[in-house]
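Student: next one to model:
(2 chains)
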There are 2 protein chains.
Amino acid sequence: MERSASSTPSVTLKTIANELGVSVTTVARAMKDGHKVGADMIVKVRETADRLGYVRNLEGAKLRTGKTLIAMAFLNFTEEEEIGDSGAVGLLNGFHKCFAGTDYAVRAVPAARDGMAVDRLRELVRGRLADGVILDLIELQDARVRYLLEADFPFVTYGRTELFSEHAWFDIDNEFAAWQSTDALLRDGFKRIALIDGDTRYTFVRQRVRGYERALREHGIEPDPGLRHHSELAADLARGSVGPLLDRRADGFVCANELTFLGARAGVRDRIGDEVRHIGFALRSGTQIGKYVSTKVHASHYSHIATGRALAELLLKQIDGADPRECQQLAKTTLITTENSSEALIA
Amino acid sequence: MERSASSTPSVTLKTIANELGVSVTTVARAMKDGHKVGADMIVKVRETADRLGYVRNLEGAKLRTGKTLIAMAFLNFTEEEEIGDSGAVGLLNGFHKCFAGTDYAVRAVPAARDGMAVDRLRELVRGRLADGVILDLIELQDARVRYLLEADFPFVTYGRTELFSEHAWFDIDNEFAAWQSTDALLRDGFKRIALIDGDTRYTFVRQRVRGYERALREHGIEPDPGLRHHSELAADLARGSVGPLLDRRADGFVCANELTFLGARAGVRDRIGDEVRHIGFALRSGTQIGKYVSTKVHASHYSHIATGRALAELLLKQIDGADPRECQQLAKTTLITTENSSEALIA
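Tutor: Purely as a prediction, here's the structure:
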């Protein structure tokens, strides 16, 4: 059996106008902003619309405006199924909180890590599959950003590039966040602090390395490149990186996110069991994970949901044609240190 | 400045046909399934398409078929920002793995927990905003399912109803999963096992309670309703539920998912610190979280990604008009017990 779309005869503005014996213009105004229509009529029109089951015809709106009313988001979905997610759902939540007040829907797809990324954007732009794009995992000379600038297609990046051309972006102050995490561990007395972070082709990783090294130097410690691990931000990879770092006498770990923190902690436990208590941990977080683990941990925190909301708002401004220079936002993390009960017994 | 869509002159099948001096039919066949076209020609046509930058016009396909090529998914996004997600990203990953081979895109929105859910579906069906729907958080007499059956609109549920009408669904054998988790704790010697689970209006929760109680009775223990906590599946709510359960001498916790497990564990630690080691934990998982926590834990596991993939495949079959009775799948969880190093030191 082939299913057919609903065959309910559609209720239009004209149906409502006929029902009330007023003009279509009056109905349209009452449904929209109420311009030149009395408060009584607005109530009457909207009640009638509800009673008749009027649904605004988005397809009509799309045809009139040439818009798709779709925002496409290329996000960092972890492919591993170790711990689930540590960010994308928060971002999606934030998108929905912003778009809930609009006609926009969001389509989220995993960000391609290969050469196909620009091809997929080209297909999107040529096929007009969306009105705007949100991009994650930004590189210094990001090819996707260069393509979208050239195509003059609305977009916002979660992270910065080093391109001269201005574009809309939202970002965490990554250098500050890594400095903050590293500094917190240094103040706890740790000296051989390792960094477990993403691939250095991403801008945020370069910024984080700078903040990490600055904190060390401020405490008179020359950074040891051997104490840095760079890979995809995955729990199992972080876990595997810990052994060699401990061999180099690492006594603390600054982690790029929740997944790498949980991976690093498990890696430490693999090697030295309960001695994990003598190792320091810090991470950049967008959740309250620190409250749910037994380990003392410093979190440089900025909410994933707030980030998603900011990205969505900036994208809407770009779709409306705002100046990209007025669509650039930098957010600072807050340090949250949690010291849980089982640790307190040791202290 | 108002941005305009890309103005690249579009390459059509006709452009490719002219370039190669063959018929449009030949080109169309070579691009599609290769029917009645030689292998050489298929290669030639596809190379030319790539060289000219041909992009299949989805808008044209949509107009011809009347399809939107959109699958709408109403998912359980946790609103709290405690630990992030424990499922939705896995499901989304699975959807994308399935839809990657099709023209379908998925739009994920948070499942409404209020009376608006049916209104939103009505708007979707009347406005033809998607070709099919995936629903989570299914209730015994789910109003959304009844509406979609009545509207004869393609859908698949993640979970079962008690409706007589057949509909497409994928589900975990929840009764078995809860039995498996409870049985594992009973075999470890725990006697006062608490259940931290979802609201009883959901079918899966009813099924889980049955499995939990069956395991207890098989071990000669009469279930104590005071050892059950039902609420939204959120880490902070699970954490808050633990105190009263410990007051009732709970010595083990069967948790509905990763969030409630991490919440329950934190709640136990809040109360009794390191004595957490003498409490048993089990959960239904779709990730490998057990490998990353210090607590010994039994996980009744079935992959979220595999679940997402199955749901997407069933939805495509429904959109193609398959018999709902042939689109019903039950999956069994596997017990994974992880006993981490710091625990081994105690044992």
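Student: pull the contacting residues for the spatially most central residue of chain A.
Tutor: The residue lying closest to the centre of chain A (Cα atoms, centre = their mean) is residue A:91, at 4.1 Å. In this structure, residue A:91 makes contact with A:73, A:75, A:136, A:158, A:304-305, A:307-308, A:311, judged by Cβ atoms under 8 Å, 6 or more residues apart in numbering or on different chains. Placement of C-beta: from N, CA and C, glycine included.
Student: ok, those vs residue B:12, which is closest?
Tutor: residue A:73 (29.6 Å; Cβ to Cβ).
Student: report the two of the contacts of residue A:91 separated the most.
Tutor: A:136 and A:305, at 15.1 Å, using Cβ to Cβ across those.
Student: more neighbours: these two, which one.
Tutor: More neighbours surround residue A:305 than the other of residue A:136 and residue A:305, with 23 against 20 (other Cβ atoms under 10 Å in any protein chain shown).
Student: I'd like to know which elements the host helix or strand of that one is packed against.
Tutor: Applying DSSP states H and E as the criterion places residue A:305 in helix A:304-319. Contact partners of helix A:304-319 among helices and strands, from 3 or more Cβ pairs under 8 Å, 6 or more residues apart in numbering or on different chains; DSSP states H and E: helix A:88-99, strand A:132-135, strand A:155-158, strand A:169-172, strand A:328-331.
Student: recalculate using a threshold of 7 Å.
Tutor: Helix A:304-319 sits against helix A:88-99, strand A:132-135, strand A:155-158, strand A:169-172, with contacts defined as 3 or more Cβ pairs under 7 Å, 6 or more residues apart in numbering or on different chains; DSSP states H and E.
Student: and the stretch 51-200 of chain A, which residues reach chain B?
Tutor: By Cβ under 7 Å from any Cβ of the partner chain, the residues of the stretch 51-200 of chain A that approach chain B are A:55, A:57-59, A:77, A:81-86, A:88-90, A:92-93, A:96, A:105-110, A:123, A:125-129, A:151-154.
Student: now, which of these lie within strands?
Tutor: A:105-110 (DSSP state E).
Student: ok, and the most crowded of the residues you listed?
Tutor: residue A:108 (25 neighbours).
Student: against residue A:94, how distant is that one?
Tutor: Distance from residue A:108 to residue A:94, counting by Cβ to Cβ, to the nearest Å: 12 Å.
Student: show me the helices in the stretch 201-347 of chain A, by range?
Tutor: For the stretch 201-347 of chain A, the helices defined by DSSP state H, counting those that start in this stretch occupy A:203-218, A:235-247, A:258-272, A:304-319, A:341-346.
Student: deepest-packed of those helices, please.
Tutor: helix A:258-272 (a mean of 25; mean count of other Cβ atoms under 10 Å in any protein chain shown).
Student: packing partners of that helix?
Tutor: By 3+ Cβ pairs under 7 Å, 6+ apart, helix A:258-272 packs against helix A:235-247, strand A:252-255, strand A:280-285, helix B:341-346.
Student: domains in chain A, by residue range?
Tutor: A:5-56, A:66-172+A:304-331, A:174-303 (automatic domain parsing).
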